[in-house]
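Trainee: After the sequence you'll find the predicted model.
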Amino acid sequence: MINKATINGKEVPVSSGLTILDAAKVLQLEIPTLCHADHLQPEGGCRMCLVQCEGKDRPVASCHTEIEPGMVIRTHTPEIESLRRTILTLYEGSGEMTGFTEGSVMSGRFRDLMETYRLWNGESEPGEPTPTDESHPYLRFQADACITCRLCLNVCEQVQGQFVFGIENRGPHSRLVFGAGDEFAESPCVACGACIDVCPTGALFDVDRMTIVEEAKHTETVCGYCGVGCRLDVVSEKNRVRRIDPVRDAAVNRGHLCVKGRYAHAWHHSEDRLTTPLIREGGSLREASWEEALQYITDRLNQIREKFGPDSLGAFTSSRSTNEACYLLQKLFRSVIQTNNVDCCARVCHSSTALALQLVTGTGAASASYTDFEKAGCIVVAGANPTEAHPVAGARIKQAALNGVPLIVIDPRRIELAEYADAHLQLLPGTNVALFNGMAKVLIEENLANLEYARERTEGLEELVEFLERVSLTEVSLITGVAEDEIVFAARLIAKHAPALFVHGLGLSELMQGTASVMTLCNLGMLTGSIGKPGAGMLPLRGQNNVQGSADMGSMPTHFTGYQPVDDPDVRALFQEYWGELPPTKPGLTSTLMLQEAAKGNQIKGLWLMGEDVVQSDPNQTEVVRALENLDLIIVQDLFISETAKYAHVVLPACGFLEQEGTFTNGERRIQHVRPAVEAPGESRPDWVVVCQVAELMGRSWNYDSPADVMEEIAKVAPNLFGGVRYDRLAPDGLQWPCPTSSHPGTSTVHEERFLRGKGKLVAVDYEASPEHGVEGFDYLLVTGRLLEHYNVGTMTRRTPQQDLIDRDELEINPIDAANEGIREGETVSLGSRWGEIDVPVRLSTRIAPGTLFLTFHYPESNTNRLTGPTLDPQSKCPQFKATAVRISTKGSLIHD
Ligand SMILES: Nc1nc2c(c(=O)[nH]1)N[C@H]1C(S)=C(S)[C@@H](COP(=O)(O)OP(=O)(O)OC[C@H]3O[C@@H](n4cnc5c(=O)[nH]c(N)nc54)[C@H](O)[C@@H]3O)O[C@H]1N2
Ligand SMILES: Nc1nc2c(c(=O)[nH]1)N[C@H]1C(S)=C(S)[C@@H](COP(=O)(O)OP(=O)(O)OC[C@H]3O[C@@H](n4cnc5c(=O)[nH]c(N)nc54)[C@H](O)[C@@H]3O)O[C@H]1N2
Ligand SMILES: [Mo]
């Protein structure tokens with residue numbers, strides 16, 4: 001009896017921290033609640049969950065009373081039930097609530113309880129409901145259904161960390177308000193939709209919940225936007241997505257979503273979706289049958305191969321598409337066409353990150369997982385803007401900071417997380433290496449480094465220490481623009497709270513010193529003994545839904561599937577067994593070099609571009625266009641006529657993530673099952689199927705029946721990473737590689753005992769200014785990147801109501817610079833680099849320091865990448881998107897002045 005209590009006469013085991021409400025759930029007893037949600041801290045305000053506890057004078061709130069051994073509890077006594085009825089009646093008459101009037105949206109738990117307690121007969125009464133707030137593209141609020149239970153407030157604070165809501169007045173006059181304003185649209189709301197999920201009365205709802213779905217089909221799948229990989233429950237009807245809910249117990253998103261994952265789905269039925277293959281004829285694209293298009297592709301590939309050799313062809317696999325599609329396209333090019341010219345958008349994204357991690361740890365992927373956000377003793381966010389680019393992860397980092405975990409932000413912009421940080425090192429773009437070396441120097445000089453770890457688990461310590469002796473903090477401060485004492489403060493803070501979690505992004509990767517940036521950040525990781533420990537390590541926030549996967553699959557000119565070098569004899573023997581035919585040992589060209597070659601009219605004559613819009617997304621657009629114009633064959637697989645498709649010889653209608661089966665691998669190496677919720681329009685075909693059909697026409701019988709079949713082969717050719725990965729093992733939350741055997745549970749922390757390469761590698765690399773630094777006549781450094789509402793080239797998000805939230809790219813400029821240049825908010829200016837020129841509207845913002853500018857690349861009209869230049873990281877060949885020398889002209893076109 002000692003460790004047990006009884007509820008309604010039934011025994012229940014008692015454990016510490018368990019509330020009476022939790023214990024009742026164990027017994028499958030339902031205690032009514034209004035202000036409670038399992039994933040939030042108990043509010044204890046609604047009093048509906050009161051229960052009687054023997055020996056206590058008054059009823060207790062079950063949601064926050066811990067159950068104790070020996071307690072005798074009753075949940076539905078007549079007194080309690082009568083109390084509940086009174087409470088419900090009071091709510092119905094409180095605040096702005098007008099009860100069940102005609103037009104009231106009252107729904108959900110409150111309405112059910114009113115019915116259960118016979119307080120409502122199901123008929124509405126005459127009366128005028130208050131007008132609904134329709135200011136926001138997605139969210140709605142009807143005040144007369146609100147009982148001010150505070151659930152929206154709590155979820156907004158405790159999950160999203162956004163603090164949108166407030167409650168004005170007390171008692172019966174209380175009402176919900178939206179931050180400073182009275183409307184959703186004026187509030188700081190980021191439309192994550194979490195409040196909609198918890199509202200017990202339907203006072204808060206969204207446009208996707210306004211139509212009743214009669215024949216709801218539920219499909220569990222994975223979001224196809226960013227690399228967080230949130231699990232979705234897609235509700236569809238008549239081949240239309242009606243609503244997307246988060247999967248409540250998903251390991252990755254734990255019931256949360258962001259605005260794009262939840263609401264940006266209308267692209268799938270956009271009127272301008274591609275529906276048939278198109279072939280270029282006489283300067284324009286005409287409709288064609290699949291048969292004709294596939295034959296055309298096969299013939300042209302064969303002809304070019306014969307005339308110019310296999311290395312005149314190349315393929316970019318799509319990091320938006322599935323692992324299976326990526327695997328098959330690189331296999332087609334390697335084994336059938338016989339070239340290693342295969343790459344993916346990881347090249348223009350996290351290629352530096354992957355290479356650096358490969359070099360210093362032995363694998364080009366995160367060492368940590370998202371669960372480490374909650375375990376971390378200290379978080380460093382360097383060159384990443386997670387609350388916009390990885391919002392579900394960003395919200396978790398924000399929660400950690402709100403809960404007191406030390407946070408350091410290293411970014412030229414004052415990103416949202418900087419507001420919550422203990423230190424914001426606002427460095428000049430492109431100067432990470434200097435800063436990280438400076439911080440490493442402080443760790444060594446002040447004896448703050450974990451030398452035991454460094455000596456035991458890493459190599460290169462002596463050389464690094466020697467090199468750091470020559471680094472001068474004064475010089476570092478001059479180069480980076482960060483004050484010496486801030487550098488010292490940050491290094492001490494990390495050391496004090498180590499091991500630390502290093503979250504990093506494109507602000508490290510997309511630079512001439514991209515690989516060096518990540519390697520020198522890893523120095524900090526190793527000097528503080530952080531890599532290979534729970535709650536710590538390296539956690540690059542990978543970009544696209546499947547950019548991790550497309551690289552894993554071998555979309556790299558140097559490596560086969562599973563990061564196995566193309567020239568390793570053992571690796572080749574293994575692939576020979578499964579493929580039968582192998583490419584030469586010579587590595588291929590990266591995507592950036594393939595385009596540069598094509599622009600020069602050299603080597604490359606034909607490209608297969610699976611879902612990558614190089615015209616809008618690759619650097620130095622003028623050169624990219626020249627490259628495409630030089631090519632004899634461009635095959636584009638896409639959902640829309642992208643900017644690149646406009647130059648294609650053949651365009652194939654593809655299926656998007658809501659429409660095809662396969663797997664995506666998220667940024668924590670988690671391989672998850674993607675399932676079609678709706679059918680793609682017209683004759684669109686899944687990417688993997690098309691590749692197989694071309695292979696067939698080229699005389700190979702691949703005979704895969706399904707993506708699961710393809711995964712079986714992937715497991716065999718890369719056994720160390722994927723040997724144990726099979727579709728029937730992927731439910732519910734996938735598997736994190738390495739997963740070498742069929743009984744292996746997957747790996748959440750890598751390098752725990754030892755680094756995959758044996759010892760971790762400390763590197764001594766000096767800072768080097770890029771060709772974009774200190775260019776005469778170009779006084780500003782332009783940073784390019786993204787914002788919450790749109791996704792990369794915007795083909796999808798621009799075709800959704802996201803467009804009502806943001807409808808153009810704007811140049812962020814500091815008000816001091818704007819005043820000096822005589823620029824007003826909203827004005828259009830001419831922005832010129834040495835590579836090109838664009839016109840762009842201006843937004844004044846103190847988020848960016850004087851001397852730096854920020855611009856997104858989500859709209860084709862802006863042509864942002866006309867400005868970015870040819871500078872690549874010499875090791876990874878990643879472009880320098882993050883620092884371009886520019887000048888501003890308010891007097892019209894720069895090119896003509
Ligand atoms: N909403 C939205 N989400 C996305 C995407 C999107 O387009 N929209 N795209 C997805 C993709 S493909 C990717 S790769 C990820 C990218 O995700 P992030 O890496 O977070 O994205 P960015 O905004 O490009 O760059 C991050 C930060 O780097 C900073 N930065 C620039 N230069 C430097 C520097 O020299 N040093 C340091 N330390 N920081 C610097 C920028 O100011 C910026 O705040 O997001 C993914 N998620
Ligand atoms: N200036 C500047 N430029 C940048 C960056 C930057 O920070 N600054 N960031 C770079 C980065 S990190 C990246 S990742 C790239 C992204 O650049 P892209 O890869 O070109 O952009 P996305 O919008 O992700 O999608 C590419 C295309 O895939 C299509 N698509 C979507 N789903 C599917 C599918 O399932 N199958 C097929 N076949 N097609 C599909 C879309 O319609 C779109 O046309 O941009 C890079 N460009
Ligand atoms: Mo990316």
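Mentor: Looks like it arrived, so ask away. Remember, predicted model here, so these are calculated numbers, not experimental data. Ligands and ions are numbered 1, 2, ... in the order given.
Trainee: Residue 869 is in contact with residue 784, correct?
Mentor: No. The criterion here is CB atoms under 8 Å, and residue 784 misses it with residue 869 at 11.6 Å. Glycine gets a C-beta too; all of them are placed from N, C-alpha and C.
Trainee: Common neighbours of these two, please.
Mentor: Residues touching both residue 784 and residue 869 by CB atoms under 8 Å, 6 or more residues apart in numbering: residue 884.
Trainee: Can you give me the distance of residue 703 to residue 88?
Mentor: Per CB to CB, to the nearest Å, residue 703 is found 63 Å from residue 88.
Trainee: Double-check that residue 855 belongs to a helix.
Mentor: No. Per DSSP: H, G, I helix; E, B strand; the rest coil, residue 855 lies outside any helix segment and is strand.
Trainee: what sits against it?
Mentor: 782, 783, 784, 809, 810, 811, 812, 831, 840, 862, 864, 867.
Trainee: Stretch 239-259: end-to-end distance?
Mentor: Start and end residues of stretch 239-259 are separated by 22 Å (CA to CA, to the nearest Å).
Trainee: right, is it up against ligand 1?
Mentor: No. Stretch 239-259 does not reach ligand 1 (CB under 6 Å from any ligand atom); its nearest approach is 7.8 Å.
Trainee: Just give the closest residue to the residue of the chain found nearest ligand 3, not the sequence neighbours.
Mentor: Using CB to the ion, the closest approach of the chain to ligand 3 is made by residue 543 at 2.5 Å. Leaving aside its chain neighbours, residue 543 sits nearest to residue 349 (4.8 Å; criterion: CB to CB, 6 or more residues apart in numbering).
Trainee: which element is residue 11 on?
Mentor: Element membership for residue 11, per DSSP states H and E: strand 10-13.
Trainee: which element follows that strand toward the C-terminus?
Mentor: helix 20-26.
Trainee: Give me the helices and strands touching that next one, please.
Mentor: Helix 20-26 sits against strand 4-7, strand 10-13, with contacts defined as 3 or more CB pairs under 8 Å, 6 or more residues apart in numbering; DSSP states H and E.
Trainee: in the first one, what counts as buried?
Mentor: Of the residues in strand 4-7, those with enough neighbours to count as buried (16 or more other CB atoms under 10 Å) are 5, 6, 7.
Trainee: could you give the mean pLDDT of it?
Mentor: In this model, strand 4-7 carries a mean pLDDT of 94.
Trainee: strand partners of that strand, parallel vs antiparallel please.
Mentor: strand 10-13 (antiparallel), strand 72-74 (parallel) (DSSP bridges).
Trainee: Report the buried residues of the longest one.
Mentor: Using 16+ other CB under 10 Å as the test for burial, strand 10-13 gives residue 12.
Trainee: Kindly report the same for stretch 222-241.
Mentor: Applying 16+ other CB under 10 Å to stretch 222-241 flags 222-237, 241 as buried.
Trainee: Next: stretch 107-117.
Mentor: By neighbour count on 16+ other CB under 10 Å, the buried set for stretch 107-117 is 107, 108, 109, 110, 111, 113, 114, 117.
Trainee: of these, closest to ligand 1?
Mentor: residue 108 (30.1 Å; CB to the nearest ligand atom).
Trainee: Give me the pLDDT for the closest one.
Mentor: On the pLDDT scale, residue 108 is placed at 83.
Trainee: and the residue of the stretch 401-550 of the chain found nearest ligand 2, what pLDDT?
Mentor: Closest to ligand 2 within the stretch 401-550 of the chain is residue 543: 4.5 Å, counting by CB to the nearest ligand atom. On the pLDDT scale, residue 543 is placed at 92.
Trainee: Report how many residues lie close to it.
Mentor: By other CB atoms under 10 Å, 26 other residues sit near residue 543.
Trainee: list the contacts for it?
Mentor: 226, 227, 319, 345, 346, 349, 350, 389, 506.
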